[in-house]
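Enquirer: need the 3D shape of this:
(chains A and B)
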Amino acid sequence: MALPLPAFVAKRRVDWDALQALLGRQRAGALKLEELRTLDTLYRRAASDLAHTQTFYPGTDAHRFLNQLCGQAYAAIYQPPRERWPAVRAFFKHDFPATLRRELRFVGASAALFCLGLLLGALVVLWEPRGAELLVPAGVRQYVAHGRMWTDDILSVAPPNSVASGIATNNLTVTIVTFALGLLGGLGTVYMLVNNGVHIGAIGALCAREGMTRGFLDFIAAHGPVELSIIVIAGAAGLMVGQALIDPGELPRGQALTLRGREAVKLVLGCAPFLALIGVVEGYVSPGSLFPTWVKAGLGLALGALFWGYLLRAGRTEAGATGLEPEVSAS
Amino acid sequence: MSTAPSPHLDVATPERVALTLPVAGIGYRCLAWLVDASLLFFFWIVAYFVFTLLVSDVLGVLQALSGLGQTLLVVGLFATQWLYWTVGEVFFHGQTVGKRVLGIRVVRMDGSPVGLFESAVRNLCRAVDFLPMLYAAGCISMLLTRQHRRLGDLLAGTLLVREERIDLDKYTAVSRPQAVPAAPTTTRALTPTEVELVLAFLTRAPGFTPDVRRRMGQTLVDRVGGLSGEQRAEVLATPERTEAFLRARVEA
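Expert: Now for the predicted structure:
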């Protein structure tokens, strides 16, 4: 028969206290190699003590204590490698573009949905002008009615850097929500994609009706290609999540969701820096007439081409991966 | 004192030991969120006052910087919405300030600490969990899932576990050297449950009213003692003697 519980605790407690102290110091990040070895030994001892309490003293506080202690030590010892800068670089060099290429089906579906919305919005407004009252915000309609771009006044109200950061956050919100709504079985993402498409299509068509196609294109040319691509990619991530929910395949739903969620969020995180960048373009370059239209269009096309070139080519070969860095050319 | 019915996380370690960690329920999570939210709220109050103080400064130098101020505002807003939680969870062992106060932490489904991806996912999903207001979707999800996970947790494969403060001193508290009544010679060993029961009584006994203290002591002595009538009367004479006997009995 085992020792009585108090005797057992008294006998083993020294080790547990030592382990606890070491864990505290490990959290502060001040452990020497020697102490790490001790930590390992102590953890193994505590684990065997835990097994002992499970057998002889189940449901006691000593059991709960050891459970927790071993849990903490386990977490400390089997930590995932810390993500540091090399990992970030590797992510943008290989992981993100590779994931995107792997999930190109979803990007396609997402783009199709977005274009569907675009088409719907444009057709509605072109066929039935009053549809614009439903689809285009009142402020924008007023501007267009006066024959002016609503974007012309952005810069006169606020300095460009705050416009840029405002736009970046706004885009970020749209991107995040588009992705996250995938949790509603993908329906939320579909809604966001179509809805955004409809709005942009409607505004474009309204401008066309009022003979302002030039102004509209002028505004959208510089940032449109990359920004809309990013929304489409976020939509693809949302659709992945939705697919995992609806059709988890051979895995249980929870596991499929976790697995796909990790992949999906790579797409969203990967887009984040480009989103911030394009926010700068949208804030500084797009509004007003600081730059002639052909510069804007050229910049937009170049950025779009670079972005997709990077996505489709970077990290293709493991050895000589020289991913294009669109940041350099854009800033 | 059994932990069986409450939700828990089972972890099989490579050492072939099964860990059972208690899962944090909706109450803990709401409180932790409240702590975090009020912290961020006070941050914004302070930031607001500092900022207005700076902007209305006499020198007027900062007027020119108001654009920068707006940028900072937007960036700060984003940081409080998302960065605060992720940074806390990734760099401070799965705990934001609120979680630390409440003694809960985020872990993966296998008990290991969260990484950047998991944390990013579960915090990006706050936007959905918050729908339509005040984490209604998240709360419903927590009520419906066995381990109280919100939608973001489901997607990221994480959950929150609780850390209890357990005092081991009660096992090793020294018994007073007072005349311990002769422990009965033929005794059966106590079960761990009885040991816990007696120890719980001993730690709490000084706080009881004398009447309750005496009555419970007597019940326990009857249960674990196995004493003859004369010894029993002697043990039950004073509460101190009763408790000294019980402690000796437990530590035997």
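Enquirer: how about the residues of the stretch 1-150 of chain A near chain B?
Expert: A:1, A:4-7, A:9-10, A:13, A:16, A:27, A:44, A:47-48, A:50-51, A:54, A:56-62, A:64-65, A:67-68, A:70-72, A:74-75, A:78-80, A:83 (CB under 8 Å from any CB of the partner chain). The way it works is simple: take the backbone N, C-alpha and C, and place the C-beta from them, glycine included.
Enquirer: in the stretch 151-252 of chain B, what residue is nearest chain A?
Expert: B:Gly157 (3.3 Å; CB to the nearest CB).
Enquirer: grab the longest helix from chain A for me.
Expert: Longest helix of chain A, by residue count under DSSP state H: helix A:253-284.
Enquirer: correction: the previous question concerned chain B.
Expert: helix B:26-55.
Enquirer: so what touches stretch B:82-96?
Expert: Contact with stretch B:82-96 is made by A:27, A:75, A:83, A:176, B:32, B:36, B:40, B:97, B:99-100, B:104-107, B:113-116, B:119-120, B:122-124, B:126, as judged by CB atoms under 8 Å, 6 or more residues apart in numbering or on different chains.
Enquirer: on that earlier part again, ramachandran angles for the residue of the stretch 151-252 of chain B closest to chain A?
Expert: Backbone torsions for B:Gly157, taken as degrees, to the nearest 10, come to phi 70, psi 40.
Enquirer: rewinding a little: for whichever helix or strand comes after the longest helix of chain A, buried residues please.
Expert: Counting by DSSP states H and E, the next helix or strand C-terminal to helix A:253-284 is helix A:293-313. Neighbour-count burial for helix A:293-313, with 16 or more other CB atoms under 10 Å in any protein chain shown as criterion, is recorded at A:296-297, A:299-300, A:303-304, A:306-307, A:310-311.
Enquirer: and if you look at stretch B:21-41?
Expert: Applying 16+ other CB under 10 Å to stretch B:21-41 flags B:21-25, B:28-33, B:35-36, B:39-40 as buried.
Enquirer: which SS class is B:Pro22?
Expert: With DSSP: H, G, I helix; E, B strand; the rest coil as the basis, B:Pro22 sits in strand.
Enquirer: what stretches of chain A score poorly on pLDDT?
Expert: Applying pLDDT under 70 to chain A flags the ranges A:1-2, A:80-84, A:147-169, A:287-290, A:317-331.
Enquirer: roughly how far apart are the residue nearest in space to the middle of it and A:Thr175?
Expert: Residue closest to the mean C-alpha point of chain A, counted by CA atoms, centre = their mean, is A:Val268 at 2.5 Å. A:Val268 is 7 Å from A:Thr175, where distance means CB to CB, to the nearest Å.
Enquirer: now do the shared contacts for those two.
Expert: In contact with both A:Val268 and A:Thr175: A:Ala234, using CB under 8 Å, 6+ apart.
Enquirer: closest one of the buried residues of helix A:293-313 to B:Tyr171?
Expert: A:Leu311 (61.1 Å; CB to CB).
Enquirer: quick one: A:Thr189 from A:Gly224, how far?
Expert: A:Thr189 is 21 Å from A:Gly224, by CB to CB.
Enquirer: quick one: which of those two has more around it?
Expert: The residue with more neighbours, out of A:Thr189 and A:Gly224, is A:Thr189; 28 against 22, by other CB atoms under 10 Å in any protein chain shown.
Enquirer: so that one is in which element?
Expert: helix A:187-209.
Enquirer: cool, B:Asp10 as well?
Expert: strand B:8-12.
Enquirer: who touches that strand?
Expert: Residues outside strand B:8-12 that contact it (CB under 8 Å, 6+ apart) are A:71, A:74, B:18-23, B:107, B:109-111, B:147, B:159, B:161.
Enquirer: swap the cut-off to 10 Å and go again
Expert: A:67, A:70-71, A:74-75, A:78, B:17-23, B:107-112, B:146-147, B:159-162 (CB atoms under 10 Å, 6 or more residues apart in numbering or on different chains).
Enquirer: could I get it in CSV with only the CA atoms?
Expert: Taking only C-alpha atoms (Å, rounded to 0.1, in the frame of the first residue of the first chain), the coordinates of strand B:8-12 have been written out as CSV:
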residue,chain,number,x,y,z
HIS,B,8,-11.8,19.5,-18.8
LEU,B,9,-9.1,19.1,-21.3
ASP,B,10,-7.3,15.7,-21.5
VAL,B,11,-3.8,15.8,-22.6
ALA,B,12,-1.7,12.7,-23.2
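Enquirer: burial count for A:Ala138?
Expert: 8.
Enquirer: just to be sure, A:Met240 is in a strand?
Expert: No. Read with three-state DSSP, A:Met240 is helix and lies in no strand.
Enquirer: quick one, what contacts it?
Expert: A:99, A:103, A:105-107, A:109-110, A:179, A:182, A:186, A:189, A:260-261, A:263-265, A:267 are the contacts of A:Met240 under CB under 10 Å, 6+ apart.
Enquirer: closest point of the stretch 201-331 of chain A to chain B, which residue?
Expert: Closest point on the stretch 201-331 of chain A to chain B, by CB to the nearest CB, is A:Thr258, at 3.3 Å.
Enquirer: is A:Ile20 in a helix, a strand, or coil?
Expert: No, residue A:20 isn't Ile; it's Gln. helix.
Enquirer: and it, how far from B:Asp167?
Expert: 13 Å.
Enquirer: next, the residue nearest to A:Asp61 when sequence neighbours are not counted: phi, psi?
Expert: Leaving out its chain neighbours, the residue that sits closest to A:Asp61 by CB to CB, 6 or more residues apart in numbering or on different chains is B:Ile166, at 5.3 Å. Main-chain torsions, B:Ile166, degrees, to the nearest 10: phi -120, psi 130.
Enquirer: OK, contacts around B:Ile166?
Expert: A:61-69.
Enquirer: where along chain B do the strands fall?
Expert: All strands of chain B, identified by DSSP state E, fall at B:8-12, B:18-22, B:104-108, B:158-162.
Enquirer: turn the ones you listed into CSV, columns for mean pLDDT.
Expert: Converted to CSV, the strands of chain B look like this (pLDDT from 0 to 100):
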stretch, mean pLDDT
strand B:8-12, 83
strand B:18-22, 85
strand B:104-108, 90
strand B:158-162, 90
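Enquirer: closest to B:Phe51 out of those strands?
Expert: That would be, of the strands of chain B and by CB to CB, strand B:104-108, which comes in at 32.2 Å.
Enquirer: alpha carbons only: can I get that closest one in CSV?
Expert: C-alpha atoms of strand B:104-108 as CSV (Å, rounded to 0.1, in the frame of the first residue of the first chain):
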residue,chain,number,x,y,z
ILE,B,104,-6.9,31.5,-17.2
ARG,B,105,-4.8,31.0,-20.2
VAL,B,106,-5.2,30.1,-23.9
VAL,B,107,-3.8,26.8,-25.0
ARG,B,108,-4.1,24.6,-28.1
